[in-house]
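Asker: Predicted model follows, preceded by the sequence.
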Amino acid sequence: MNIHTRRHFLRQLGLSAAALPFLPALPSLACPSPGAKMQRIIFLFTPNGTVGPEFWPEQVGFDFQCKRILAPLADFKNRMMTLQGVHNKINGDGDRHMRGMSCLLTANELLPGNIQGGGETPAGWARSISIDQELRQFLQSRPETATRFGSLELGIAVPNRADPWTRTSYAGANQPLTPNADPYALFAKLYGQGRDRETLGSVLDDVCDDLRRIGAQVDPEEKYLLDQHATFVREMEKDLQNSGTVQLLFPPPSLEQGVSLDNDGIPKISRMQSDLLVSALANDMTRVATMQYTNSVGQARMRWLDIHDDHHHLSHQPDENLDAQEKLVKINIWLAEQVAYLARKLDATPEPGGQGSMLDHTTIVWTNELGKGNSHTLDNIPFVLIGGGLGFKSGQAMRFDGVTHNRLWLSIAHAFGHHIPLFGKKELCEGGALVLG
């Protein structure tokens, strides 16, 4: 096994590069075959539905035009797909915000519970695994696609509580995953081992001094053994000095310090989380991620847009309230700009060891818990796919006749080579994977 491969193995385990001298050349840790197809996926959630007339393209096919909400993504039109007519048909317990959120990635009913929604039956957590975690398990089961973290769950202004309105990713039935909404904590998780290197380096300095002092007091035979150990320590020191550049293909981003993790910090938090995510993907720490903006019933007040009403309240206003509709359009344009920032960052980063950019091998799935806020409909959920790597025929607006989103998740799983026959609620998988070509 070469050093690069051994480092990769250690990185998957979350170990410091200082462990390399302890690692023998084990046949079971052989280098994976070169040329493996790189595929990544990001599920990006924004809440409270959209404004359909300003979102969905009029034309079907490749000659579509981006309306106001999708205008920030116009530069990616040739690598983008809009999927109209994809419905979340999950019924059962819980209100539509709950089902829209916790059934979005699981495509299955909620468990019975005592969490009371908006006038409908109470419910519990999700009944089964979410599609991001299904893909995580599949990729982690294969040596050639396993990564250090498997998946990352990021948040932006996710409230400090846990319920079906705040969780979209599930490791299994009754197992919600908490999105990390603190970029400083995420940075420490991703790159904290750099501090470990500094600490261990100072310890090794002390060890070398001790070895020199001991060497002056022992007989020649013991001095030989001591010199062997000193050589081992010096090699470890050199490895530590080189590990920062060898382990990371791309340096960690610099984060602005002191950003408040509250409503008014959302614009900066959004950029910081995107920067961290792209860095983690570029360094192959994960190939699956979720990024969650606030939550279902999200009540952000986007004062940076000169909008002082909360998002959820505005989404409940009738269509005849033109002022509210215009504010909702502005909010959704801003959210599209955040998606565009992430896509642009990926597109500006060369694919490590491959052709093109990282966006050519990464698909962003931008979605929502509702189709329209004031009707609470789970029909026509906004689904926009940006990027490549899954073999879909991008650059088109597609329109379906009320198909289930279970079938969309099947399409994505199959594109990763994970040919599961169904996902989520069995009855809603009839027809199989959607043809996205």
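Answerer: Sure thing, it's come through.
Asker: Name the residues that touch stretch 176-184?
Answerer: Under the criterion CB atoms under 8 Å, 6 or more residues apart in numbering, residues 102, 125-126, 133, 152-158, 162, 167, 169-171, 186, 189, 255, 259, 261, 269, 272-273, 276, 290, 292 lie in contact with stretch 176-184. C-beta here means a position set from N, CA and C on the backbone, and glycine is covered the same way.
Asker: In CSV, could you pull the C-alpha coordinates for that stretch?
Answerer: Output in CSV follows, covering the C-alpha atoms of stretch 176-184 (Å, rounded to 0.1, in the frame of the first residue of the first chain):
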residue,chain,number,x,y,z
PRO,A,176,-33.8,11.6,13.5
LEU,A,177,-30.4,13.1,12.7
THR,A,178,-29.6,16.6,14.0
PRO,A,179,-28.3,19.0,11.4
ASN,A,180,-25.1,20.9,12.5
ALA,A,181,-26.2,24.5,12.4
ASP,A,182,-22.9,25.9,13.9
PRO,A,183,-20.2,26.5,11.3
TYR,A,184,-17.6,26.8,14.0
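Asker: Check the gap between the residue nearest the centre of the chain and Val339 for me.
Answerer: With the centre of the chain defined as its mean C-alpha position, the nearest residue by CA atoms, centre = their mean is Ala289, 1.9 Å away. Here the criterion is CB to CB, to the nearest Å. By it, Ala289 lies 14 Å from Val339.
Asker: what's the span of stretch 411-426 from first residue to last?
Answerer: End-to-end distance of stretch 411-426: 15 Å, with CA to CA, to the nearest Å as the criterion.
Asker: let me redo that: stretch 123-135
Answerer: Criterion CA to CA; first-to-last residue distance in stretch 123-135 is 26 Å.
Asker: buried set for the host helix or strand of the residue nearest to the centre of the chain?
Answerer: Mapping Ala289 onto the secondary structure by DSSP states H and E places it in strand 286-293. For strand 286-293, the neighbour count (16 or more other CB atoms under 10 Å) marks Thr286, Arg287, Val288, Ala289, Thr290, Met291, Gln292, Tyr293 as buried.
Asker: burial count for the residue nearest to the fifth one when sequence neighbours are not counted?
Answerer: In other words, Thr290. Counting by CB to CB, 6 or more residues apart in numbering, Phe43 is the residue found nearest to Thr290 once chain neighbours are left out, at 4.6 Å. Neighbours of Phe43 under the rule other CB atoms under 10 Å: 26.
Asker: Tell me what angle the helix or strand containing Phe43 forms with strand 286-293.
Answerer: According to DSSP H and E, Phe43 maps onto strand 40-45. Here strand 40-45 runs at an angle of 10 degrees relative to strand 286-293 (axes from the mean of the first three to the mean of the last three CA atoms, to 10 degrees).
Asker: next one: strand 40-45 to chain centre, how far?
Answerer: For strand 40-45, the gap between its own C-alpha mean and the chain's C-alpha mean amounts to 5 Å (CA atoms, centre = their mean, to the nearest Å).
Asker: Tell me the buried residues in the next helix or strand after that strand?
Answerer: On the C-terminal side of strand 40-45, the closest following helix or strand by DSSP H and E is strand 80-87. Buried residues in strand 80-87, counted by 16+ other CB under 10 Å: Met80, Met81, Thr82, Leu83, Gln84, Val86, His87.
Asker: now do stretch 45-56
Answerer: Using 16+ other CB under 10 Å, the residues of stretch 45-56 that count as buried are Phe45, Thr46, Pro47, Asn48, Gly49, Thr50, Val51, Gly52, Glu54, Phe55, Trp56.
Asker: before we move on, what about stretch 350-359?
Answerer: Glu351, Ser357, Met358, Leu359.
Asker: Any regions of this structure where pLDDT drops low?
Answerer: Residue ranges of the chain with pLDDT under 70: 1-35, 119, 193-211, 218, 221-247.
Asker: where along it do the helices fall?
Answerer: Along the chain, the segments classed as helices by DSSP state H run 3-13, 96-102, 131-140, 183-191, 193-215, 220-247, 266-282, 311-315, 322-347, 405-415.
Asker: tell me what the third one is packed against?
Answerer: In this structure, helix 131-140 makes packing contacts with strand 40-45, strand 150-156, strand 170-172, strand 286-293, helix 405-415, judged by 3 or more CB pairs under 8 Å, 6 or more residues apart in numbering; DSSP states H and E.
Asker: Name the surrounding residues that touch the last one.
Answerer: What that stands for is helix 405-415. Defining contact as CB under 8 Å, 6+ apart, one finds that helix 405-415 is touched by 39, 41, 83, 86-89, 104-105, 107, 131, 134-135, 138, 363, 365, 381, 383, 390-392, 419-420, 422-425, 428-429, 431-436.
Asker: could you check the angle strand 40-45 makes with it?
Answerer: Relative orientation of helix 405-415 and strand 40-45, computed by the same axes, to 10 degrees: 160 degrees.
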